[in-house]
Each structure stands twice: as structure tokens, then as C-alpha cells.
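Enquirer: Would you be able to build a 3D model of this:
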Amino acid sequence: MLKLKTPIHLACALTAAIVVAACSAPSAPDTPSTPAKEQAAPAGSIVVYTSRAEALFKPVVAAFNEEYPNVTVTLLTGQATELAARLLEERNNPRADVYISTDMLNMLSLAEQGVFEPNASAAVMAVPAEYRGEDGSWVALTLRLRVIMYNTTLVQPDELPQSVLDLADAKWKGQVGSANSTNGAMIAHLAVLREKLGDAQTESFIKGLTANDTQFFGGHTDVRKAVGAGELKLGLVNHYYYHLSKAEGAPVGIVYPDQGEGQMGMPVNTTNAALVKGAPHADLARLFIEFMLSPRGQQIYAERNFEYPVVPGVALAEGVPALDQFKLSPVSLKAIYGDLAQTKALAQSAGLP
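Expert: Residues are numbered from 1 along each chain as shown. A predicted model of the protein is given here:
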């Protein structure tokens with residue numbers, strides 16, 4: 001369900017499902033005594049559509065407002081599919097300025113349909129080409145790995161699976177949690193499996209999960225909570241969900257799968273940002289995207305959300321291993337985007353709910 005959240009520092013009421021806040025701090029008088037920096041301080045409002053969990057995104061907005069207190073940020077949260085549909089419906093009269101997605105494939109689909117505006121700012125173009133549109137119309141904000149988390153009171157280290165394919169083993173029947181086919185990260189993971197293993201083995205894996213009474217959820221938050229509470233032994237999630245559960249004191253551990261000789265390595269997915277084409281407040285929207293790619297914005301994502309930054313030189317959160325310690329899948333999601341429809345069709349025909 002789409003949820004409209006009143007912005008931080010909002011001074012005017014929202015009177016419709018999505019109304020851009022119209023108030024801002026009054027401008028300083030244009031006198032010789034007013035510093036130039038103060039005269040030029042950005043002011044106004046932006047609307048951000050985001051499929052990110054609100055709790056993970058609010059710290060970024062708060063940090064932005066510390067730096068730009070006269071810019072009001074209004075959030076509309078919801079599932080990626082819902083927000084994508086809304087963006088397409090509003091394309092002739094855009095109400096959003098920025099779109100934040102938790103899945104690169106979702107971003108690529110909307111970019112292909114012309115929903116986003118090119119944004120060749122220096123901050124955007126500094127991101128590696130595999131993590132942005134060629135014209136800067138979308139750009140990755142953070143990287144995340146696909147891992148297995150487990151309940152340490154229920155699973156011994158010598159029992160742990162070493163590959164995601166092991167989750168279909170009968171020994172884990174009824175004890176595994178995963179996101180379902182509505183989740184972009186899950187479909188992206190399956191797209192990588194198809195590229196590496198082919199249709200037959202990927203279909204066999206999906207059928208194995210369903211035959212194994214895997215519990216499928218709409219998102220990873222439910223998976224991590226079920227594992228942390230001991231309702232399930234294992235969960236297939238993005239890596240930062242393990243760290244969030246660990247920080248909350250849950251008895252959880254992590255497996256970085258498919259690291260052995262001949263194994264495929266871990267897929268890398270991204271969170272992403274884009275400037276909506278025809279955005280009502282394009283200049284402020286660009287400013288917000290540039291802030292998220294700045295060292296400070298990237299540090300917030302790294303420290304608070306345990307994600308991997310896309311900007312070099314930003315420190316990782318304590319306990320998060322460096323990416324270069326792992327064997328990563330060489331398959332680029334950007335490169336296999338054209339196979340997305342086939343992946344979804346295969347997943348659904350194999351019984352993934």
C-alpha cells in the first residue's frame with residue numbers, strides 16, 4: 001500500500017494523496033549585509049517516491065535537511081510495482097521529483113519507458129558505468145549482496161549450507177524463508193541464476209524451494225524477523241538485513257554463499273535514484289541526488305543501513321567485510337536486463353508465488 005508521509009520540518013498540511021509542500025523559510029532581505037551564501041541557500045520542496053523502507057530512508061532525509069534546512073522533502077512510500085505504475089500514470093503531469101528504487105531491474109524498465117530525465121552531473125557520472133544509465137537518467141546509490149542468514153540457536157556451523165542451491169535440500173524442509181516473485185531483488189537473483197546455470201537448473205531450484213515448503217514473503221523484513229525469532233532456521237536476504245537483525249540483538253549469523261571453487265559467487269544488486277522527467281522541482285531534485293552520492297550521504301547509508309557505498313573512500317560500518325574479500329558473480333544486472341520478462345515467466349511457471 002502506498003503511504004504518504006508528512007515531511008520533516010513540514011509547516012503546511014497535505015490536502016490530497018500527494019501534495020507538494022508549498023511552504024519554505026522566508027528569504028533573507030537582499031541587502032549588502034546579507035552573505036552571498038545565505039542569499040543563494042536553496043529553498044523549496046521536493047516529492048520523493050521510494051520503495052525503500054521508511055526507517056532506512058529517513059536518516060538520509062534528516063541529514064539532507066541539516067545541510068539544506070529550507071528544502072522540504074515529502075515521501076511517498078510503497079511497493080516498487082505500485083510506484084512504477086503511478087509514475088507511468090502521471091508521466092503527462094508528474095508529481096514526483098525523485099524516484100528511489102531498491103532494484104536495478106525496476107529502474108531499467110522505467111528508464112526504457114522514458115520516465116526519467118538525463119542527469120549528467122559530475123556526481124552521477126563519477127559512478128561506474130555498470131551502475132548508472134549512460135545518460136545519467138538513473139544511478140546506483142548503494143550495493144548489496146545476496147546472502148543466507150541463520151538462527152544461531154537452531155543451526156550449528158557445520159550444518160550450514162554453502163550455496164543458495166542448498167536451500168532446496170530436503171534437510172531444510174519447512175525451515176527456509178525467502179521473498180516471493182513480487183520482490184525485485186529475488187527476481188534479479190533468479191535472473192543471475194538463469195544466466196549462470198541455464199533455464200533447466202534454475203527452474204529445478206525454484207521447484208525445489210516450493211516443494212521444500214519454503215515460506216515466501218512479500219519482502220525481506222519479514223524473512224529476517226522470522227529467522228531472528230526462531231520461526232525459521234534460514235533466510236535468503238540482502239546482506240544488510242543480517243546486520244540490522246544483529247544490531248537489534250537477534251541470535252543470527254550469516255553465510256556468504258557460493259564462494260567455493262567452481263561456484264558462481266554472490267550476485268550484486270543496487271538501490272537507485274532517478275530524476276523524474278518533467279519533475280516540478282528539477283533543480284532541487286538534482287541537489288538531493290547529488291547529496292545522496294556525496295561522501296556524507298554515502299556515509300549515512302553505510303553506517304545506518306550497513307550497505308556498500310558506490311563512492312570510493314567511504315568507510316564501511318563496523319562488522320561489514322570489504323567487497324574485495326568475496327567472490328562476486330560476474331553477471332551484471334544491467335547486461336541481462338533484456339531477459340527480465342523471461343525470468344519472471346519462468347519463476348511463475350515453476351511455482352514461485
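Enquirer: CA only for contacts and neighbour counts going forward, please
Expert: OK.
Enquirer: Report the distance from stretch 305-324 to the chain centre.
Expert: Centroid separation for stretch 305-324 versus its chain: 15 Å, with CA atoms, centre = their mean, to the nearest Å.
Enquirer: cool, stretch 329-341 as well?
Expert: 17 Å.
Enquirer: got the contact list for that stretch?
Expert: 104-105, 108, 130-131, 188, 191-192, 195-196, 264-269 (CA atoms under 8 Å, 6 or more residues apart in numbering).
Enquirer: go with 6 Å
Expert: 264-267 (CA atoms under 6 Å, 6 or more residues apart in numbering).
Enquirer: which of these tops the neighbour count?
Expert: Counting neighbours by other CA atoms under 10 Å, the top entry in the contacts of stretch 329-341 is Pro267, with 26 neighbours.
Enquirer: dump the residue contacts of that one.
Expert: Contacts of Pro267 by CA under 6 Å, 6+ apart are 146, 329.
Enquirer: And the pLDDT at it?
Expert: Per-residue confidence (pLDDT) for Pro267: 94.
Enquirer: Neighbours of Lys171, how many?
Expert: Residues near Lys171, counting by other CA under 10 Å: 11.
Enquirer: Also Gly198?
Expert: As a measure of burial, Gly198 has 12 neighbours, counting by other CA under 10 Å.
Enquirer: Relative to Asn65, which of the contacts of stretch 329-341 is nearest.
Expert: Pro267 (33.8 Å; CA to CA).
Enquirer: mind listing the helices in this structure by residue range?
Expert: 36-39, 54-67, 80-89, 104-112, 122-125, 184-197, 199-211, 220-228, 239-247, 282-292, 295-305, 340-349 (DSSP state H).
Enquirer: Need the contact partners of the third one.
Expert: Yep, that's helix 80-89 we're talking about. Ser51.
Enquirer: one more time with 10 Å
Expert: By CA atoms under 10 Å, 6 or more residues apart in numbering, the list of residues contacting helix 80-89 from outside reads 1-2, 49-52, 76-78, 90, 93-96, 99-103, 106-107, 109-110, 113-116, 182-184, 276-277.
Enquirer: got it, and the fifth one?
Expert: Helix 122-125 has contacts (CA under 10 Å, 6+ apart) with 119, 131-141, 273, 286, 289-294, 311.
Enquirer: hmm, 7 Å instead?
Expert: 136, 139, 290, 293 (CA atoms under 7 Å, 6 or more residues apart in numbering).
Enquirer: for Thr270, what are its contacts?
Expert: Taking CA under 7 Å, 6+ apart, one finds 102-104, 140-144 in contact with Thr270.
Enquirer: picking that back up, which stretch among the helices of the chain comes nearest Ala168?
Expert: helix 199-211 (4.8 Å).
Enquirer: Next, the angle from that closest one to helix 184-197.
Expert: 140 degrees (axes from the mean of the first three to the mean of the last three CA atoms, to 10 degrees).
Enquirer: that older thread, can you redo the contacts of Thr270 as JSON lines with pLDDT and neighbour count?
Expert: Below are these laid out as JSON lines (pLDDT from 0 to 100; neighbours: other CA atoms under 10 Å):
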{"residue": "Thr102", "pLDDT": "88", "neighbour count": "26"}
{"residue": "Asp103", "pLDDT": "84", "neighbour count": "23"}
{"residue": "Met104", "pLDDT": "90", "neighbour count": "24"}
{"residue": "Ala140", "pLDDT": "97", "neighbour count": "30"}
{"residue": "Leu141", "pLDDT": "97", "neighbour count": "28"}
{"residue": "Thr142", "pLDDT": "96", "neighbour count": "24"}
{"residue": "Leu143", "pLDDT": "96", "neighbour count": "21"}
{"residue": "Arg144", "pLDDT": "95", "neighbour count": "23"}
